[in-house]
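S.K.: Need coordinates for the below:
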Amino acid sequence: MTIEEMKQKKQQRGYSYAQLSALSGVPLGTIQKIFSGDTEHPRYATLQALEQVLKDQDDRMVLNDSAAFSYGIPQEKRQGEYTVEDYFAIPDEIRVELIDGVLYDMEVPTFDHQKIVGEIYRQIANYIMDNNGKCEAGISPIDVQLDCDDKTMVQPDVLILCKNEKIVKGRVFGAPDFVLEVVSPSTKRKDYFKKLEKYENAGVREYWILDPYKKQLLVFFFEGDIYAQRHDLTRPVPVNIYEGKLQIRFDHILRWCDHIR
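M.R.: Numbers count the residues shown, from 1 in each chain. The predicted structure is shown next:
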């Protein structure tokens, strides 16, 4: 793929330079120089990394239609047509998410992933309990019918919910106030793009994306003047919906990131 073709793909997909950098691992400044023409002969490995992100391919986490049929979903249905009814037809031991009628296969979380998720949940839940807070913290797997329709059901790693009336029959009906996702190599595209758009549009107030491989946290506070902030995990990070009174520490998590698999 030529650089001109990459530019076209970037424009078609609506990717920002920062998003390309997050997905490809190529430094932001390097991407800007390549696309502006300042770097005439980019490294082959750099171009390969960008091409891998931009080339036409379905998200590898999309559930195969034949697999969906084998779980009891009507054969005539295709991706984009699935509903919450189809979501619940899939056996409990098969983890999936439904986003805009598309079923996404979910890998079984690793021990390292769950340690990180559990540590963040612990800090949030302890803060809420210690301060007699009205909000509730949740940890995956929890079904969240995000748009209050029959086309989307997600399972955030960690959430904070401040309106108890949104809990309906054991699942969340509507947008949580806070969501955190811990990305893995296979979920990057979904977490950085699809879920970012979905959470913002559904009314989630704050969205955190933690990449343990890069030791990086992206904070999107949709109610604030600064849309996104990047943190390197070396200092506590304030939770905006609590006006900074709750701060998440990453001391243990930062050490675990050195050995994550």
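S.K.: Ala175 belongs to a strand?
M.R.: No. Using DSSP: H, G, I helix; E, B strand; the rest coil, the assignment for Ala175 is coil, not a strand.
S.K.: Name all residues that make contact with it.
M.R.: Leu146, Tyr199, Ala202, Gly203, Val204 (C-beta atoms under 8 Å, 6 or more residues apart in numbering). Heads up, the C-betas are built off the backbone N, CA and C, glycines and all.
S.K.: Check the gap between it and Asp258 for me.
M.R.: 35 Å (C-beta to C-beta, to the nearest Å).
S.K.: Next: Asn240.
M.R.: For Asn240, the distance to Asp258 (C-beta to C-beta) stands at 28 Å.
S.K.: out of those two, which sits in the more crowded spot?
M.R.: Asn240 (20 against 8; other C-beta atoms under 10 Å).
S.K.: Quick check: that one touching Val219?
M.R.: Yes. Shown here, Asn240 and Val219 form a contact pair, counting by C-beta atoms under 8 Å, at 7.3 Å.
S.K.: Overlap of the contact sets of the two?
M.R.: With C-beta under 8 Å, 6+ apart, Asn240 and Val219 have common neighbours Glu206.
S.K.: can you give me the strands in the chain?
M.R.: Applying DSSP state E to the chain gives strands spanning 96-99, 102-105, 136-139, 144-145, 158-161, 167-168, 171-173, 178-182, 206-211, 216-221, 228-231, 237-238, 247-248.
S.K.: right, so of those strands, which gets closest to Lys151?
M.R.: Proximity to Lys151 (C-beta to C-beta) singles out strand 96-99 among the strands of the chain, at 7.0 Å.
S.K.: Lowest mean pLDDT among the helices and strands of this protein, which one is it?
M.R.: Ranked by mean pLDDT, DSSP states H and E, the helix or strand of the chain with the weakest confidence is helix 65-70, at a mean of 70.
S.K.: which intervals of the stretch 1-150 of the chain have sub-threshold pLDDT?
M.R.: 12-13, 55-61, 64-65, 67, 69 (pLDDT under 70).
S.K.: now the helices for it?
M.R.: Here the stretch 1-150 of the chain has its helices, by DSSP state H, counting those that start in this stretch, at 3-13, 17-24, 28-36, 44-54, 65-70, 84-89, 111-130.
S.K.: and the fourth one, what does it pack onto?
M.R.: Judged by 3 or more C-beta pairs under 8 Å, 6 or more residues apart in numbering; DSSP states H and E, the packing partners of helix 44-54 are helix 3-13, helix 17-24, helix 28-36.
S.K.: How about the last one?
M.R.: Counting by 3+ C-beta pairs under 8 Å, 6+ apart, the packing neighbours recorded for helix 111-130 are strand 136-139, strand 158-161, strand 178-182, strand 247-248, helix 251-257.
S.K.: Can you lay out those as CSV showing mean neighbour count and distance to Ile3?
M.R.: Output for the helices and strands packed on helix 111-130, formatted as CSV (neighbours: other C-beta atoms under 10 Å; distance: least, C-beta to C-beta, whole Å):
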stretch, mean neighbour count, distance to Ile3
strand 136-139, 20, 43
strand 158-161, 25, 39
strand 178-182, 26, 31
strand 247-248, 16, 39
helix 251-257, 14, 33
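S.K.: For Met129, see how far away Met1 is.
M.R.: For Met1, the distance to Met129 - C-beta to C-beta - is 52 Å.
S.K.: Neighbour count for those two, which is higher?
M.R.: Taking neighbours as other C-beta under 10 Å, Met1 and Met129 compare with Met1 leading, 15 against 10.
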